[in-house]
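Enquirer: Sequence and computational prediction follow.
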Amino acid sequence: MDIGVVVPTLNSGGTISSALVSLLEQRVCGVDIIVVDSGSTDATLDVCRRLGVACIYVPPGNMYKAINEGLRRLKNPWLTYLNSDDFIYADAYERLIRLAEDDGADVVYGDGDFVDVAGRFLYSLRAPTPDRLPALFRARLLGFLPHAAGFRRDVFEKLGGFSERLRHVADMDFFARACFLKQRFARESGPAVAVFRVHPDQLSHRERDIVKEEIATLVGEGWGTPGGLESRLAITRWKVRNIRQYLIRWLRTGSISRR
């Protein structure tokens, strides 16, 4: 049981240690790590050397190009990537891969937690069941964290990797294409497997207009037209499934605003 993980970095010295340690401390499952750096000038590479993690250089410009380069170098039967400011729980890959092997799945995913800059818990995201994924993809929604998922090497090769014409939503495009090509998905229904760190300087937040433009370009076989009844029902079901998390977010926001 093993998995290859790519960690794309660019001046990630403040968070890369947490990300790498979470990979190095995985239980049962063996993990091969490649850090793909795009010219960091801070302590990023020093942290990688101290932890004994291999690094390669890919020119800056597109995170998914860096991820593709790293994934092509890994020879593991299972693959994934982890953003340098996020981390995963110690039993994550063991649970995901064990389920996938038992189920015969090509892609496996689980729930995710969200934390603030300092790592304090904010709220959780409950992932939809596999039968709900096609409608959500048609609504241009990815119902799980990309790094809360793993996929077989042959899925990566069959899809030609992540689209390098996209800067922000190539992960949604990748999993949607896998779904519409009838790859088998399985959801790990236990506790959250991965953690997303929320901070105001995230590139996707700064370039949210580009994100919207890229989502609008996601058309092709299987995608369909967003806004139909099926899409609206899928979004409603997903939000109902996560109603507790929406309430927690609302209460936290209200509490902060009253201070």
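Expert: That came through fine.

Enquirer: quick one: contacts for the spatially closest residue to Ala105 that is not a sequence neighbour?
Expert: The shortest distance from Ala105 to any non-neighbouring residue, by Cβ to Cβ, 6 or more residues apart in numbering, is to Ala186 (3.6 Å). Just so you know, the C-beta spots here come from the backbone N, C-alpha and C atoms, and that holds for glycine as well. Ala186 sits next to 99-100, 103, 105, 107-109, 130 when contact means Cβ atoms under 8 Å, 6 or more residues apart in numbering.

Enquirer: try 6 Å
Expert: By Cβ atoms under 6 Å, 6 or more residues apart in numbering, the contact list for Ala186 reads 99-100, 103, 105, 108.

Enquirer: Which ones among those residues map onto helices?
Expert: Under the assignment DSSP state H, these contribute 99-100, 103 to helices.

Enquirer: so what's the spatially most central residue of the chain up against?
Expert: The centre of the chain sits closest to Pro146, judged by Cα atoms, centre = their mean, with a distance of 1.7 Å. Listed by Cβ under 6 Å, 6+ apart, the contact partners of Pro146 are Asp171.

Enquirer: quick one: low-confidence parts of the stretch 1-150 of the chain?
Expert: Across the stretch 1-150 of the chain, nothing is flagged by pLDDT under 70.

Enquirer: any chance you could map the helices in it?
Expert: For the stretch 1-150 of the chain, applying DSSP state H, counting those that start in this stretch gives helices covering 16-24, 44-51, 63-73, 92-103, 133-138.

Enquirer: Which of the residues in the third one are classified as buried?
Expert: So that's helix 63-73. Using 16 or more other Cβ atoms under 10 Å as the test for burial, helix 63-73 gives 63-71.

Enquirer: same question, the last one
Expert: With burial defined by 16+ other Cβ under 10 Å, the residues of helix 133-138 counted as buried are 133-138.

Enquirer: likewise stretch 87-103?
Expert: Using 16+ other Cβ under 10 Å as the test for burial, stretch 87-103 gives 87-100.

Enquirer: Any chance of JSON lines for these, columns distance to Phe196?
Expert: Converted to JSON lines, the buried residues of stretch 87-103 look like this (distance: Cβ to Cβ, whole Å):
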{"residue": "Phe87", "distance to Phe196": "9"}
{"residue": "Ile88", "distance to Phe196": "10"}
{"residue": "Tyr89", "distance to Phe196": "12"}
{"residue": "Ala90", "distance to Phe196": "17"}
{"residue": "Asp91", "distance to Phe196": "18"}
{"residue": "Ala92", "distance to Phe196": "13"}
{"residue": "Tyr93", "distance to Phe196": "17"}
{"residue": "Glu94", "distance to Phe196": "20"}
{"residue": "Arg95", "distance to Phe196": "18"}
{"residue": "Leu96", "distance to Phe196": "16"}
{"residue": "Ile97", "distance to Phe196": "21"}
{"residue": "Arg98", "distance to Phe196": "23"}
{"residue": "Leu99", "distance to Phe196": "21"}
{"residue": "Ala100", "distance to Phe196": "22"}
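
Enquirer: and stretch 229-244, average pLDDT?
Expert: The pLDDT scores in stretch 229-244 average 76.

Enquirer: Stretch 180-197 too?
Expert: The pLDDT scores in stretch 180-197 average 97.

Enquirer: Show me what the residue nearest to Ala105 bridges to in the sheet.
Expert: Beta-bridge pairing of Ala186 under DSSP bridges involves Val108.

Enquirer: now Val5
Expert: Using DSSP bridges, the beta-bridge partners of Val5 come out as Ile33, Thr80.

Enquirer: That one against Ile33, yeah?
Expert: Yes: contact criterion Cβ atoms under 6 Å: Val5 and Ile33 qualify, at 5.3 Å.
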